[in-house]
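Peer 1: mind looking at a prediction? Sequence and model below.
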Amino acid sequence: MKKVITTVFFCLITLAVFGQQKKEPKYLYKIASEVPGGSLWHKTLMEVSRELMEKTNGEVGIRVYAGGIMGSQDAVIDKMKIGQIQGATFSNTGMQSIYKDFGIVGFPLTLRDQGEYDYLVEKKGKFFEDEFRKRGYKFLCWTETGPIYIYSKKQVNTIPALQNSKPYILPGDIISEMLFKELKTTPIPVQISDILTSLKTGQIDTVFSPPYALLAMQWAPSVTYATDFIITFMVGSVMVDAKMFESMPKEYQELMEKLFREKIDVLKYNVRRDNAAAQDALRKSGIKFIEVPKDQSEAFYEIGEKASKQLIEKYGFSNELYQEVKMLMSEYRKNKK
C-alpha cells in the first residue's frame, strides 16, 4: 500500500511539473509570415516573442508560422476571420485586400524616394491604422521591403525600351496591370517562385525589385542593367486580431505595441542599410547602372498619373484620398528644395 501511495505521489508530481512546462500563454498569437525561417525578419519576431513571454510571466506569447506555410495573403486573411490564426505580416497586396484604398500607397510612380514614403507615414499613418481597426485589425507597426527599381538584361530606361522588353507581372496585380496597359507593354504572368527560371530561360528579361531582394532571390546573375529610377515602394505591416488584442490587460497591450514598434524600427533601419549595400554590391558585380533621361522621367510620371486615374475609375479607389496623397507629396517636394 505504501508503495502504491508513493508511486501515485510521484505520478502527481510529474504531471504537475510537465503540465506547467507545457502550459501555453493565456494570450497566444499565431502569426503567419511569408518570410523564411531563420531570416532577420523571423529572428526579430522571435525576439519580440521571447521578451513578451519574459515581461508578462508567460501570459503573452507569439508562435510564428514562417515561409508562407499558411498560404497566400488572402488565405491568411480568411484564416484570421475564422480564428485559426491571430495575426500576420502583411504586404501591400494583403493590406489592400483588407482595405482597398490602401492600394493608393502603391500606385505607380506616386512615391519617388524614401523621404516621401516616410513623410506619408508621418502624415497619414494614423489614418490608415484607424481604417484597419474599423475592419477588425490592430495595427502594430509599419514594415518595408524598400524601393522598387527596374533590373533587366538589356537597357530599359525609356518608355520605348520598356515596351520592347519582357517584364513579369504577378497574377491578380491590378495596379501593375494598369501601369503596363498605359505603357502599352505586354507583361508575362509569372509567380514569384518561377521568376528565376523564367529569367534563365528568357521567358522574361525584366524584373521590378528592391535591391536586396534581387540578391536574395538570386535574380542578379541573370540581369545586366539596373535603371536608377524608383517605380514604387514595397511596404507592409504586422497586424493582429483587434478583439483579442483589446481583451488583454492595458499594460500588456502597451508592452506588445512598444516591443513591435521598437524592434521593427531597428529592422527597418537594417533593411534600408541592406538595400544600400546591395546596390553597391550590384555595381561591384558588374551590373551597369543607367539613368532615365529627364524627358523620359517626366513621361513616366505622366503615365503613372494616367494609370492611377484609370484605377480610380475602374476599381473605385478613393479619388479624395489619392488627391490628398498627391498634395502631401507636392508639399514634401516643395519643402525639400
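Peer 2: Everything's here; your move.
Peer 1: tell me which other helices or strands the biggest helix by length in the chain touches.
Peer 2: Criterion DSSP state H: the longest helix present in the chain is helix 250-284. Judged by 3 or more C-beta pairs under 8 Å, 6 or more residues apart in numbering; DSSP states H and E, the packing partners of helix 250-284 are helix 40-55, strand 60-65, strand 137-152, helix 211-216, strand 225-241, helix 242-247. To be clear about C-beta, it is placed using only N, CA and C from the backbone, and glycine gets the same treatment.
Peer 1: how about the ones you listed in TSV, adding mean pLDDT?
Peer 2: Converted to TSV, these look like this (pLDDT from 0 to 100):
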stretch	mean pLDDT
helix 40-55	92
strand 60-65	95
strand 137-152	94
helix 211-216	90
strand 225-241	94
helix 242-247	98
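Peer 1: so residue 147 bridges to which residues?
Peer 2: residue 233 (DSSP bridges).
Peer 1: and residue 187, what is it in contact with?
Peer 2: 166, 167, 168, 169, 176, 177, 180 (C-beta atoms under 8 Å, 6 or more residues apart in numbering).
Peer 1: widest-spaced pair of those residues?
Peer 2: The largest separation in the contacts of residue 187, counting by C-beta to C-beta, is between 166 and 177 at 15.6 Å.
Peer 1: which helices and strands does the strand or helix carrying residue 178 pack with?
Peer 2: For residue 178, the host element (DSSP states H and E) is helix 174-183. With contacts taken as 3+ C-beta pairs under 8 Å, 6+ apart, helix 174-183 sits against helix 159-163, strand 168-169, helix 294-315.
Peer 1: ok, which of these comes nearest residue 145?
Peer 2: strand 168-169 (16.8 Å).
Peer 1: give me the sheet partners of the closest one and which way each runs.
Peer 2: Partners of strand 168-169 in its sheet, by DSSP bridges: strand 188-189 (parallel).
Peer 1: residue 86 is in contact with residue 238, correct?
Peer 2: No: shown here, residue 238 and residue 86 do not form a contact pair, counting by C-beta atoms under 8 Å, at 11.7 Å.
Peer 1: which neighbours do the two share?
Peer 2: residue 31.
Peer 1: got the phi/psi numbers for the closest residue to residue 128 other than its chain neighbours?
Peer 2: Excluding the flanking residues, the one nearest residue 128 by C-beta to C-beta, 6 or more residues apart in numbering is residue 102, at 6.2 Å. Dihedral angles of residue 102 (phi, psi; degrees, to the nearest 10) stand at phi -60, psi -20.
Peer 1: so residue 102 sits right up against residue 131, yeah?
Peer 2: Yes: if you go by C-beta under 8 Å, residue 102 and residue 131 touch, sitting 7.4 Å apart.
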